[in-house]
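In: Here is a sequence together with a model predicted from it:
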Protein chains: 2
Amino acid sequence: MGKSSDIGKLYLVGLGPGDSNNLTPAALEALEDSDTVVGYRPYIEQVRDLLDGKELVSMELTQEMERAAIAVDLASAGHRVAVVSSGDTGIYGMAGPVFRVLVDRGWDGNSPPLEIVPGVSAMQAAAALLGSPLMQDFCAISLSDLMTPWDAIRLRLEAAAQGDFVVALYNPRSRKRDWQLLEARRILLEHRSGTTPVGIVREAYRPGQGVTVTDLQHLEQHVEAIDMVTTVVVGNSTTFVHESSMVTPRGYERKETPGSKAPKSPPPSG
Amino acid sequence: MGKSSDIGKLYLVGLGPGDSNNLTPAALEALEDSDTVVGYRPYIEQVRDLLDGKELVSMELTQEMERAAIAVDLASAGHRVAVVSSGDTGIYGMAGPVFRVLVDRGWDGNSPPLEIVPGVSAMQAAAALLGSPLMQDFCAISLSDLMTPWDAIRLRLEAAAQGDFVVALYNPRSRKRDWQLLEARRILLEHRSGTTPVGIVREAYRPGQGVTVTDLQHLEQHVEAIDMVTTVVVGNSTTFVHESSMVTPRGYERKETPGSKAPKSPPPSG
């Protein structure tokens, strides 16, 4: 079904989490229309059976700027190139490095033409496996301080805690970054009860899938099992657990759990 | 392909935004496996051609608790029921009302069995059409104060502004709620420059799709065109516009725009 053309094209494609059950038809169509697929090795493997006859550029995690540059080069030279990310390309995915390359090169917005295909992100997969933890205002925070200084991340954790947001933590912990998650927990505990539910989802919709529901107080005991393919979802002051489902009610219409803290009311603004 | 069974089942299904190009195979499978589909009328219409031979319970927007109760009743009586939402059922979708009914009825976690199928949410569709605005930590805030008091929403807007989050505003404006968006703008302007990019996406991936990029200062001029099928994405201090794409760089590695404000550093914590 792939079209041939001498006009290059650059697709940024979110593959969704895990298996191809979460790959949208739009993402499939973008892959089919491409002659070249560029991505982190495991994500290429994730959709390998859809890529017969295509040029594959599969690289390691640390080479994302190289991947982005190669993709832009190939598309500029007339290739139809799909740059794939797990989850949503626009959420901590390859859209970032590719836009950096495009902007650095003075991209005119048209050559190569760019199409972005969104996908189900890791926090949504985690939420679906946990219950309905994201049913009120939420934020996503990456605990990786490679691109963002820890001071900025800490500022966000404090703001999220003060604003009573449900918090989805991306990149919570790696071998080299092993203290950030516990520091995030410490900051959240300054504003939330130790009984605040916490969902831990590892390898959503993949063979090694693991789903754990605990609370802020006991998160410490689960830290060793948390890694870069884990998403951690921390409830807000109204979140509760019902029969192992993590539930954030839609609003503040009633208290669901004994001991939950109501959000502090801000001073009147004027 | 629908299986028949005398065991009921309750699916919470995110249809994704707009056309069926964003409907995942998992969502399609859930619809196929259901004998009854329950949802807000336009969302039922959105997938009508997939629903031949099924019982359809299509209701109005204000009847979401009724929809949820009917779905739980039917699933408890042995039907296989899909409750559909546009976008992601877990993000301001029907997962909320359905969990409320399940909890109120003392659901045991198994009868009826529940399966949640995530979908691409409105802010992700908006982001894909705008460029890569969500490439740093972001939050989603609904400006509807029907379920959440405005004080709590204001607290979140202030926290999001202080934390330098990119902000996706859901339910930004309706005929009856016409001041909240401008109040949100006022709060954000206390912490962000008037030149902060703002993306406005209406009816993503639907026939009436509209994409506008403006800034906080000029948002006021676009307010009349913003309604309940619009998502508004407000950049953080590093977000810039390149050839009509709204771009948030991945980190704070360099200043992208003249006049952008660096986030305030919090006092050292200890």
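Out: Alright, I've got the coordinates. Here the structure is a predicted model, which is why all the values come from computation and not from measurement.

In: going forward, measure contacts and count neighbours with C-alpha atoms only.
Out: Fine.

In: Where do the strands of chain A begin and end?
Out: Remark: strands assigned in chain A by DSSP state E are A:9-14, A:36-40, A:55-59, A:80-85, A:114-117, A:131-132, A:138-142, A:166-170, A:197-202, A:210-215, A:230-234, A:240-242, A:245-247.

In: quick one: which of those strands is nearest chain B?
Out: Taking Cα to the nearest Cα, strand A:138-142 is the member of the strands of chain A nearest to chain B, at 3.8 Å.

In: pLDDT averaged over that closest one - what is it?
Out: For strand A:138-142, mean pLDDT is 98.

In: Is that strand in proximity to chain B?
Out: Yes: interface with chain B: strand A:138-142 contributes A:138-142 (Cα under 8 Å from any Cα of the partner chain).

In: residues from the stretch 151-270 of chain A in reach of chain B?
Out: Contacts of the stretch 151-270 of chain A with chain B, taken as Cα under 8 Å from any Cα, map to A:151-152, A:154-160, A:162-165, A:242-245, A:247-253, A:263, A:265-266.

In: What confidence value was assigned to the nearest residue to A:N171 once chain neighbours are set aside?
Out: The shortest distance from A:N171 to any non-neighbouring residue, by Cα to Cα, 6 or more residues apart in numbering or on different chains, is to A:M228 (5.0 Å). What the model reports for A:M228 is a pLDDT of 90.

In: same thing with A:A262?
Out: For A:A262, the model assigns a pLDDT of 39.

In: Let me see the contact set for A:A140.
Out: Shown in contact with A:A140 (Cα atoms under 8 Å, 6 or more residues apart in numbering or on different chains): A:167-170, B:137-139.

In: would JSON lines of the residues of strand A:138-142 next to chain B with distance to B:L181 be doable?
Out: Putting the residues of strand A:138-142 next to chain B into JSON lines (distance: Cα to Cα, whole Å) gives the following:
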{"residue": "A:F138", "distance to B:L181": "18"}
{"residue": "A:C139", "distance to B:L181": "19"}
{"residue": "A:A140", "distance to B:L181": "22"}
{"residue": "A:I141", "distance to B:L181": "24"}
{"residue": "A:S142", "distance to B:L181": "27"}
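
In: of all those, which two lie farthest apart?
Out: A:F138 and A:S142 (13.4 Å; Cα to Cα).

In: Who has more neighbours out of those two?
Out: The neighbour count for A:F138 versus A:S142, taken as other Cα atoms under 10 Å in any protein chain shown, is higher for A:F138 (26 against 20).

In: Would you mind measuring from the residue nearest to that one when sequence neighbours are not counted to A:T195?
Out: Excluding its sequence neighbours, the residue lying closest to A:F138 (Cα to Cα, 6+ apart) is A:V166, at 4.4 Å. Note on A:V166: its distance to A:T195, by Cα to Cα, to the nearest Å, is 14 Å.

In: Which one's more surrounded, the two?
Out: Each of A:V166 and A:T195 had its neighbours counted (other Cα under 10 Å), and the higher figure belongs to A:V166 (27 against 20).

In: got the end-to-end distance for stretch A:198-210?
Out: When the termini of stretch A:198-210 are compared using Cα to Cα, they are 14 Å apart.

In: And that stretch, how far out from the chain middle?
Out: Relative to its parent chain, stretch A:198-210 has a centroid offset of 13 Å by Cα atoms, centre = their mean, to the nearest Å.

In: and that stretch, which residues are buried?
Out: For stretch A:198-210, a neighbour-count test (16 or more other Cα atoms under 10 Å in any protein chain shown) marks A:198-205, A:210 as buried.

In: Relative to B:P25, which of those is nearest.
Out: Closest approach between those and B:P25, by Cα to Cα: A:Y205, at 13.2 Å.

In: Tell me the spacing between the closest residue to that closest one other than its chain neighbours and chain B.
Out: Counting by Cα to Cα, 6+ apart, A:Y205 lies nearest to A:G18, which is 4.7 Å off, once chain neighbours are set aside. Per Cα to the nearest Cα, to the nearest Å, A:G18 is found 12 Å from chain B.

In: Just give me the neighbour total for A:G18.
Out: Based on other Cα under 10 Å, the number of other residues close to A:G18 is 21.

In: pretty sure A:V213 is in contact with A:E243, am I right?
Out: No: proximity of A:V213 to A:E243 does not meet the contact threshold set by Cα atoms under 8 Å, at 10.5 Å.

In: what sits up against the one helix or strand in chain A whose mean pLDDT sits lowest?
Out: Using mean pLDDT, DSSP states H and E, the weakest-scoring helix or strand in chain A turns out to be helix A:41-46, at a mean of 90. Helix A:41-46 has contacts (Cα under 8 Å, 6+ apart) with A:18-20, A:37-38, A:56, A:58-61, A:84-86.

In: Going through those, which ones are buried?
Out: Buried subset of the contacts of helix A:41-46 (neighbour count, 16+ other Cα under 10 Å): A:18, A:20, A:37-38, A:56, A:58-59, A:84-86.

In: okay, who's weakest in those by pLDDT?
Out: A:G18 (83).

In: which residues sit in contact with that residue?
Out: So A:G18 contacts A:46, A:86, A:203-206 (Cα under 8 Å, 6+ apart).

In: Show the end-to-end separation of stretch A:138-153, please.
Out: From start residue to end residue, stretch A:138-153 stretches across 16 Å - Cα to Cα.

In: next one: that stretch to chain centre, how far?
Out: Distance of stretch A:138-153 from the chain centroid (Cα atoms, centre = their mean) equals 13 Å.
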